[in-house]
Structures are given as C-alpha cells and as structure tokens.
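Visitor: everything below, folded, please.
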Amino acid sequence: GTNAYPLLAIDAAGNVTRVLWRFSVKTEPPTVSIYENGSLLLEGKIFNRPVTLTFLSNDAAATITAKLDTFTYNGAEVADDGQHVIEATATDDLNHIGTSRRTFVIDRTPPNIRITSPATGRVTSDRVDVRGNARDATSVSVNGVPATIAADRTFLAAGVRLELGENALVVTGADAIGNV
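Guide: Below is the predicted model:
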C-alpha cells in the first residue's frame, strides 16, 4: 500500500525543510493467466485442433516468459498430438515472480476401428450382425446403424440391412473429443 513519512532536514545554520515522502510497498507477486483462443485455458482441456497460447498478467509492466514441455515457448501454434504442459512466469520490476501452469492434450487422431465379423465373402441373409474393435471410439455406427460398445472396447451393430448383390460395410466412429 501507499505510505507517507514526514522528513525533516535541519542544516548547520538551523534552516529547516519539511518534506512529505510518499512511497508504495509491493509485497504480492504478479499473477499470470494462460489463454487459448481468448478463453482461459482450463486444466486438462482436450483439443482436436492446433492451439495458440497467450498470456496476461495483472501487472502491465511485468515480463512474461513461458515454457512448453520444458522448452522456451515462442508463441507458435502447438500442433503435436499428445499431452503438453505450459508454464508461464510473470516477473515484476521488484523481481517478484508469479507462475501459472496448465496441462492440456491435443488429439487429432481419428479412432482406430476394425471389423472382426463378418469376414469378407458371401452373406446369405438380408441382415448381418457386425462386430469389431472400437479401441478409443466412444460411438460407432455401421451403415448408419448405431453399435453398442462393450467394456472390453468391442462393438456390435445388430441387424445391419444388406441389399441384394455386393455391399460395403461403412463403419464410422468418433472419439471423446469428436475426431471421426
């Protein structure tokens, strides 16, 4: 806060000068916030796109530096899939330091889905049960028929309709972040 002290100076001849000396004491470090696309970056946020991070301190004169995964961050777009750690540091003119740290994930990889049944070849019915492995998919459909995903990550799309002649089974899956 702001402080004021009266100063009194007397020289050898007895002349007196009075001055009110004012100064501020700052004991709190600056704060620094981490933003992505104009919004505060929340801990553990998952993105299915590249991100660009920005920083803001409550002390306009503070110097802000950042490290991404232990390397100096220069403001470039972050596009690599995987978990990342960003740590921003704000240093004021009195060498007080404030930090903010967030972990986030970039996942731009579509889910890995594989059909295990039926095998390629002849099917003698107008409907077929399609089974497979869903791995990281949270939803699966086969030719538009929603599949049930079991705890062991296998899926079943029951009664998928087939037309007379050659048919293609089109499996679509999405993961938790929306990669298809």
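Visitor: residue 51 contacts residue 35, correct?
Guide: No - between residue 51 and residue 35 there is no contact under CB atoms under 8 Å: 10.2 Å. Any C-beta I mention is one placed from the backbone N, CA and C, and that applies to glycine too.
Visitor: got any ranges where the protein has weak pLDDT?
Guide: Scanning the chain for pLDDT under 70 picks out 1.
Visitor: is it true that residue 18 touches residue 6?
Guide: Yes - with contact defined as CB under 8 Å, residue 18 reaches residue 6; the gap is 6.3 Å.
Visitor: what touches both of the two?
Guide: Common neighbours of residue 18 and residue 6 are not found (criterion: CB atoms under 8 Å, 6 or more residues apart in numbering).
Visitor: so how far is residue 6 from residue 162?
Guide: Distance from residue 162 to residue 6, counting by CB to CB, to the nearest Å: 96 Å.
Visitor: repeat for residue 45
Guide: Residue 45 is 54 Å from residue 6, by CB to CB.
Visitor: who's more crowded, those two?
Guide: residue 45 (15 against 8; other CB atoms under 10 Å).
Visitor: next up, the contacts around the more buried one.
Guide: Going by CB under 8 Å, 6+ apart, residue 45 touches 36, 102, 104-105.
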